[in-house]
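Participant: for reference, the sequence and a predicted model appear below.
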Amino acid sequence: MTPTALNRAVQTRHHLVSARVENKAGVLLRVAGLFSRRGYNIISLAVAPTDDERFSRISIVVAVESNLLQQVIDQLDKLVNVVEISELDPGEANTAELLLVTVNAGIDTDAGLRGLAEATGAVVVEKTETQTMLRLVAEPALLDDFEQRLRSYQISELQRTGAVALPKLGGTS
Amino acid sequence: MVIRARWGQTAHKGEARGAMKLTGAQALIKSLEREGVEVVFGLPGGAILPVYDPIIDSSIRHILVRHEQGAGHAAEGYAQVTGRPGVAIVTSGPGATNIVTALADAYMDSVPIVVITGQVATSSIGTDAFQEVDTTGITASVTKHNWLVTDANDIARVVAEAFHVATTGRPGPVLIDFPKDVANATIDYVEPTVLDLPGYHPAGEPTPDEVTAAYALLRDARRPVLYVGGGVLKANAAHELARLVELTGIPVVTTLMARGAFPDSHELHLGMPGMHGNFAAVTALQHSDLLVSLGARFDDRVTGRVEDFATGARVIHVDIDRAELGKVRRADVPIAADCRLAISAMNAHLERAPLAPGPERIGEWLSRCKDWKTRFPYTYDGAGDRAPGGIGRIKPQFVVEELRRLTPRDTILVSGVGQHQMWAAQHWGFEEPRSWVNSGGLGTMGFAVPAALGAKVGHPEKMVWAVDGDGCFQMTAQELVTATAEQIPIKVAILNNAYLGMVRQWQHMFYEQRYSEVYLSADLPDYVLWAEAMGCVGIRVTDPKDVAAAIERANGINDRPVVIDFRTDAMEQVFPMVPSGASNDEILVHPSQADQPR
Ligand SMILES: Cc1ncc(C[n+]2csc(CCOP(=O)(O)OP(=O)(O)O)c2C)c(N)n1
Ligand SMILES: [Mg+2]
C-alpha cells in the first residue's frame, strides 16, 4: 500500500483497538482468530507487558467498517482473557510507532539524508561509510511520510513496530 | 450460582484444612467430585491413562462410549435436560479431534459441557509426538474458553474456573487439556479459594432505566410478539415467561431451541418461527410492531432475508451475551441481562402499573394471529386420519403424533437433523421446559442417539425417545452398544425414508428434482438386525396400522434399548418452508392451504 493510500485509509477505515489482556499463552491466538474468521486484515499489531506483569496491552490497527468493528469489539470483550477493551478515536488519543531503516548511503557524505534526518528528528543508530541506520518514533502518518521521502534512497531494510496509543490527557475515555 | 455458594463456604474452610499429597490425576478427579459431578462420558487412551486409574476409586460413574463424538453429545444431552454441566474425558490426538464436533455443537447451542483431553507430556508438546495435536489451538474457536494445564498445582483452580465459566453467563463448552506428566506429578492438593478470572464478568440484572424503556414499548405496542429463544430455558425462566404473558396478553413464538419454554397448548402460543415454522408464528413476526426478543439471537433460519424481516417492528432485545445485541438487528431497547432476572423485573413493573387487558389493548392483533393460527395449522395428506398412508408409506408426521399420544407427558424427545427433526419439532406438542433436545445451531447429523443416552442418564426416571433419520442413525448408532452395556434403556424411532431427506427436499424444490447422492436404501443396512446385534430390541413397522402397537411395545421394554424402523413415505416434504435467502413473506405452505387468502 502506498503511503498516501495508507494516510487516506487511516482517516476512513483504519481503527485502533486497544485491549488489556491477561498475560497468558494462547491469548493472541484467540484475539487474532476473531479478526481472521471474518476476513479482516490486521494492519499492525503491537503486544507488550503493562506495568502490572499479569497483564499485557494489545494494540491493533485494523481495516474495517465502523459498524462491524463494534461487533468485533463486543466479541473480543467476551473472551475470558480480555480484561478491558476500547476503540481509541484518533482525535482523542496520542499514537506512536517506531521505525528502523537501513539506507544505502553514508550520512556523513550525503547532505540530503542528513537534512532529512534533522528535519524529521530521526536518530542515527549506526553508520558506516556506505550505510546508515536511522530510527524514528512518531505518529504513524509521519512515519508514512518519512518512508516516502526515503524512497529516493536505496532502502536495504525497513521495519516498523505497529502503532500503540494512549488516551489524551483529560479525555473522556 | 450454586458454585458461587460453594465457593463461599470453602473460602474459609480451605485455609484450615491441611494439604494432602495427591497426583495430578487424583487432584483432577477430586476436583470433579468437588464440583458435584456424578457421571462422565469418555474413552481412555495413552495420554489420559493416569486419569483413568483414580476413576476406579471415585464415586463418579464413568460411561464408556464407543466414539468420542458420542461422549460429547451425551454430555450435551445430559446438560440440556438437567441444567447441570455434562462432562467428557478423552485422550489426546484423535480422541481430542473426535470430540471437536460436539464442542462446536455445544458452542452454537450454548450448552454447558466440560471436556477434559489428555495431552502428551509438556516436554514433548510441539515435537509432533505420538498422538499430539494442538488441542487448545484447534478448539479455541469452538469453546467458550480452554486451558492447557502446565503445572499440577493449578489443577484444582482450573477445574473450578472451567465449571464456573461453562455454567455462568451464556453457558457453553470449555476444555481442559491435561498433559500426561502433569497428571503424574505429585502435589500438595489444596482446595482453591479464588478464581483467577479478571476478564470474566457475566451480565446479571437489567437496570431500572432499561426496564422502564421496555415497559413503555410494551404499553404502546399494538402488534407485539414475544420472540422466545433458548436463553429462556437456559435461564430457567419459563415460569417468569408465563407470568409475563399473563400480565401482557402478548402472543408468543418459541424458536427451535426454545420448544417447551411455553406450552404449545396455550392459546397465545403461535408456535415455532423460522424456515419450517408455523405460518402464524412466521407471519406474526413479519407484521409485528414490537418484537420482544428474550434469549433469542435473530438466527438466519428465523429471520429469512434480514432486510425484509419484521420491517415495521421496534425491538426489545434481552440477552445475557452483550455481543448478541445489535449483531443482526438493531435493538431499540437492548438489555444485557439474565433472562429470568430481566423478565422478573418487567413483571414487577407491570404489576405496579398494569396494562389494559390484552383484548382491549391489542384485540385486533390477537384476532389476526388467531385467524392465521386456525387457518394454517401444520398439516399433511391424511392428517387426522388414524392411520394415513399405505404399506411402506407411513406418514412421518403421523409417527410423531402417535409417539406423543402414547408416551407420558414428561417424556424427553431428542432428535437428529433433517426432515424428521422438523416434524418432531412441529408435531410433538411441547408442554414442559427441558423436554426437547436437538442440535439447532450446528445441525449435527448423528446427534440423537448419543444425546438421548446422555438425557436418559440425566433423568433415568423419565422416558426418553429419539426421533432419528436413517442417515443420522448411521453416523452414531454405535452408542446403542454403550446404551446396552450400561443399561441405559433409550428408545429410537427411525423415520426411515431411505434418503438424506432434507437434502432431497432441497434438490426437489431448488434443483429441478435432480437428486444427487441422496439415496440411501431402506434395507441397507438392516436396522432391525443391526439393533439386535447391538443388544437392543429391533422392530420394523411398514403398515400404518401397526404404528401404535409398536410404540406401545417399545414403551413396555425397560431392560434394554429399543429401535423401531418405521418405513416412512419418502415423498413427504416439510411444510411450511421459507426458501433459503428468501423473505419470510414468501413462505410456502402445504399445497392444501395454498389457496387460502393470507
Ligand atoms: C454431519 C452432517 N453432514 C451433513 C449434513 C447435511 N444434511 C442436513 S440434513 C441431511 C439429511 C439427513 O438425512 P436423514 O438423517 O435420513 O434425515 P431426513 O432428512 O431424511 O429425515 C444432511 C445430509 C449435516 N447436517 N450434518
Ligand atoms: Mg432419511
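Facilitator: Arrived safely, thanks for sending. Ligands and ions are numbered 1, 2, ... in the order given.
Participant: quick one: contacts for B:R259?
Facilitator: Contact analysis of B:R259 by C-beta atoms under 8 Å, 6 or more residues apart in numbering or on different chains lists B:M272, B:A425, B:W428, B:F430, B:W436. Using the backbone N, CA and C atoms, a C-beta is placed for each residue, glycine as well.
Participant: highest neighbour count among the residues you listed?
Facilitator: Neighbours here mean other C-beta atoms under 10 Å in any protein chain shown. Within the contacts of B:R259, the largest count is held by B:A425, at 28 neighbours.
Participant: re the thing from before, list, out of the contacts of B:R259, those positioned next to chain A.
Facilitator: Residues of the contacts of B:R259 in contact with chain A (C-beta under 8 Å from any C-beta of the partner chain): none.
Participant: just the closest of the residues you listed to B:V547, please.
Facilitator: B:W428 (15.2 Å; C-beta to C-beta).
Participant: and the longest strand anywhere in chain A, what does it pack against?
Facilitator: Taking DSSP state E as the criterion, chain A has its longest strand at strand A:93-103. In terms of contacts (3 or more C-beta pairs under 8 Å, 6 or more residues apart in numbering or on different chains; DSSP states H and E), strand A:93-103 is packed against strand A:132-138, helix A:140-149, strand A:155-160, strand A:164-167.
Participant: sorry, back to before: take the contacts of B:R259 and lay them out in CSV including pLDDT and secondary structure.
Facilitator: Below are those laid out as CSV (pLDDT from 0 to 100; DSSP: H, G, I helix; E, B strand; the rest coil):
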residue, pLDDT, secondary structure
B:M272, 98, coil
B:A425, 98, helix
B:W428, 98, coil
B:F430, 98, coil
B:W436, 98, strand
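Participant: list phi and psi for the residue of chain A most remote from its centre.
Facilitator: Distance from the C-alpha centroid of chain A peaks at A:T109, with 31.5 Å (C-alpha atoms, centre = their mean). Reported as degrees, to the nearest 10, the phi and psi values for A:T109 are phi -100, psi -10.
Participant: of all the contacts of B:R259, which comes closest to B:R314?
Facilitator: Checking the contacts of B:R259 against B:R314 with C-beta to C-beta, the nearest one is B:M272 at 22.7 Å.
Participant: which residues are in contact with the closest one?
Facilitator: So B:M272 contacts B:V253, B:T254, B:T255, B:L256, B:R259, B:N278, B:A281, B:A425, B:Q426 (C-beta under 8 Å, 6+ apart).
Participant: so of the residues you listed, which ones are in strands?
Facilitator: Of the positions in the contacts of B:M272, B:V253, B:T254 sit in strands, assigned by DSSP E.
Participant: ranking the contacts of B:M272 by neighbours, who comes first?
Facilitator: Counting by other C-beta under 10 Å, top hit in these: B:T254 with 32 neighbours.
Participant: excluding residues flanking it in the chain, which one is nearest that residue?
Facilitator: Computed as C-beta to C-beta, 6 or more residues apart in numbering or on different chains, the closest residue to B:T254 that is not its neighbour in sequence is B:V228, at 4.8 Å.
Participant: what's near enough to touch the one you found?
Facilitator: Neighbour list for B:V228: B:L241, B:V252, B:V253, B:T254, B:T255, B:A258, B:A261, B:F262, B:L294, B:G295, B:A296 [criterion: C-beta under 8 Å, 6+ apart].
Participant: stretch B:57-75: end-to-end distance?
Facilitator: End-to-end distance of stretch B:57-75: 22 Å, with C-alpha to C-alpha, to the nearest Å as the criterion.
Participant: report the buried residues of that stretch.
Facilitator: B:60, B:62-63, B:65-75 (16 or more other C-beta atoms under 10 Å in any protein chain shown).
Participant: could those be laid out in TSV, adding pLDDT, secondary structure and distance to A:I73?
Facilitator: Below are the buried residues of stretch B:57-75 laid out as TSV (pLDDT from 0 to 100; DSSP: H, G, I helix; E, B strand; the rest coil; distance: C-beta to C-beta, whole Å):
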residue	pLDDT	secondary structure	distance to A:I73
B:I60	98	coil	41
B:H62	98	strand	42
B:I63	98	strand	42
B:V65	98	coil	40
B:R66	98	coil	43
B:H67	98	coil	39
B:E68	99	helix	35
B:Q69	99	helix	34
B:G70	98	helix	38
B:A71	99	helix	35
B:G72	99	helix	31
B:H73	99	helix	33
B:A74	99	helix	36
B:A75	99	helix	32
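Participant: let's have those in TSV, adding distance to ligand 2.
Facilitator: Formatted as TSV, the buried residues of stretch B:57-75 follow (distance: C-beta to the ion, whole Å):
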residue	distance to ligand 2
B:I60	37
B:H62	33
B:I63	28
B:V65	24
B:R66	22
B:H67	21
B:E68	25
B:Q69	20
B:G70	20
B:A71	25
B:G72	23
B:H73	19
B:A74	23
B:A75	26
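Participant: just checking, the residue farthest from the centre of chain A touches A:T128?
Facilitator: No. In this structure A:T109 lies outside contact range of A:T128 using C-beta atoms under 8 Å: 11.0 Å.
Participant: can you give the distance of the helix ranked longest in chain B from its chain's centre?
Facilitator: Looking across chain B with DSSP state H, the single longest helix is helix B:358-375. Distance of helix B:358-375 from its chain centroid, counting by C-alpha atoms, centre = their mean, to the nearest Å, is 31 Å.
Participant: what about that helix, average pLDDT?
Facilitator: Average pLDDT, helix B:358-375: 97.
Participant: how about stretch A:140-150?
Facilitator: pLDDT averaged over stretch A:140-150 gives 95.
Participant: what comes up buried for that stretch?
Facilitator: Buried residues in stretch A:140-150, counted by 16+ other C-beta under 10 Å: A:P140, A:A141, A:L142, A:L143, A:D144, A:D145, A:F146, A:E147, A:L150.
Participant: ditto for stretch A:78-94
Facilitator: Judged by neighbour count using 16+ other C-beta under 10 Å, the buried positions of stretch A:78-94 are A:K78, A:L79, A:V80, A:N81, A:V82, A:V83, A:I85, A:E87, A:L88, A:P90, A:A93.
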